[in-house]
Every structure is written in C-alpha cells, then in structure tokens.
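Engineer: structure of the sequence below:
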Amino acid sequence: MEDSRKAIWMMLVWSGIFAVLVAMDLVNDYQSGSTGRHLILEGILFAISGGVFVMGVRQLTHARQEVTVLKSDLDRVRNEKEQWKKETHQLLVGLSQKIEDQFNLWKLTPAEQEVGFLLLKGITLKEIADIRQTRLKTVQQQSQSIYQKTGLASRSELAAFFLEDLLPGGGTG
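Structural biologist: Numbering: from 1, shown residues only. Predicted coordinates:
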C-alpha cells in the first residue's frame, strides 16, 4: 500500500513537472515567434500532460475519499462488534453456565466437560488433543463417552441440543 502511494505521488509530481516545463517551452516558443504548427504540437503535448496531471489529482482525491469512507466503515463495524459483545456477554455467561449444568446432569467428568465445550465451539478432535495436550485417541474416547452419556449421536446433535430453543424456528412444528 505504501509503495503504491509513493508511486502515485511520484507519477503525479513528474506529470506536473512535465506539464509545467512544456508550458514554459510553449510560452518561450510563442515569444520567439515559432511556427504555428510547432506551437499547436506543443499545445497538444501540454494539454495531454496537463490532462494526465489533472486525472492523477482526481484519482488521488477519490482514493483519499474512499479510504476515509472505508476507515469510517471499519470503525463502525468495530464499534458494533464491541457493543454486541457488551450486550451479549451476560447472556453468553448464562448460556455457558446452563451448558455446564446440563453436563453435570449428564454426569460428564471434568475432562469430558472440557472436551464437550470444545466440541461445541467446532474445534476438530485433533485440535482438541493439541489444546489439551493429550493424544487424539484419548479425545476420541472422551467424545464417544460424551455421546453415550448424553444419548446423542454426534457433535451436531450435541450442538442442536443447546441451540434449538435459542434460534428462531424454520416453520416446522
């Protein structure tokens, strides 16, 4: 980003310098009594170089406006995220407590509860093993034990157990 900004500025500076030099030469040639054809050609060259300079200034101005809008949008999204986190923090703490209470009702061991929370977060069994610094086989056994104790068949059923009443229905009874 920084390199492209420097390149744009350099192009803008060089096109401006070129336009000024062509204009000075055009004025000098006019005062020296150069031919009309030569003055017309230099006039066209001046118009082109001036046009490039003006287009560069316009693009730079547009880019700055766009950056300002994007920064504003990013700030707005960050603020919305923080507001959402503040508003939902207490609800999430309560939900976590309710999940833990249900895990206790199912008589899950502390290790199984930890694995259960990680399963609900969507973390893979391999990642859970890495996080807990245990073998993959251990995590597989603990997840199977969770499914047996809960009477649920899979991670998606485990997640659905806690989420089905929180989310709006899809029109089915």
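Engineer: report the rounded mean pLDDT for stretch 101-108.
Structural biologist: Across stretch 101-108, pLDDT averages out at 96.
Engineer: now that stretch: how far from the chain's centre is it?
Structural biologist: 38 Å (CA atoms, centre = their mean, to the nearest Å).
Engineer: just stretch 103-121 next, same as before
Structural biologist: 33 Å.
Engineer: domain assignment for this protein?
Structural biologist: Listed domain ranges for the chain are 1-87, 106-167 (source: automatic domain parsing).
Engineer: and among these, the most buried is which?
Structural biologist: Mean neighbour count (mean count of other CB atoms under 10 Å) peaks for domain 106-167 among those, with a mean of 15. Just so you know, the C-beta spots here come from the backbone N, C-alpha and C atoms, and that holds for glycine as well.
Engineer: could you export the domains of the chain as TSV, including distance to K98?
Structural biologist: Converted to TSV, those look like this (distance: least, CB to CB, whole Å):
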stretch	distance to K98
domain 1-87	18
domain 106-167	8
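Engineer: which ones are touching L21?
Structural biologist: By CB atoms under 8 Å, 6 or more residues apart in numbering, the contact set of L21 is empty.
Engineer: state the helix or strand in which it lies.
Structural biologist: Per DSSP states H and E: L21 is located in helix 2-32.
Engineer: past that helix, which element shows up next along the chain?
Structural biologist: That would be, after helix 2-32 and using DSSP H and E, helix 36-105.
Engineer: now do that following helix against helix 2-32, angle only.
Structural biologist: 170 degrees (axes from the mean of the first three to the mean of the last three CA atoms, to 10 degrees).
Engineer: other SSEs contacting helix 36-105?
Structural biologist: Helix 36-105 sits against helix 2-32, helix 110-120, helix 155-163, with contacts defined as 3 or more CB pairs under 8 Å, 6 or more residues apart in numbering; DSSP states H and E.
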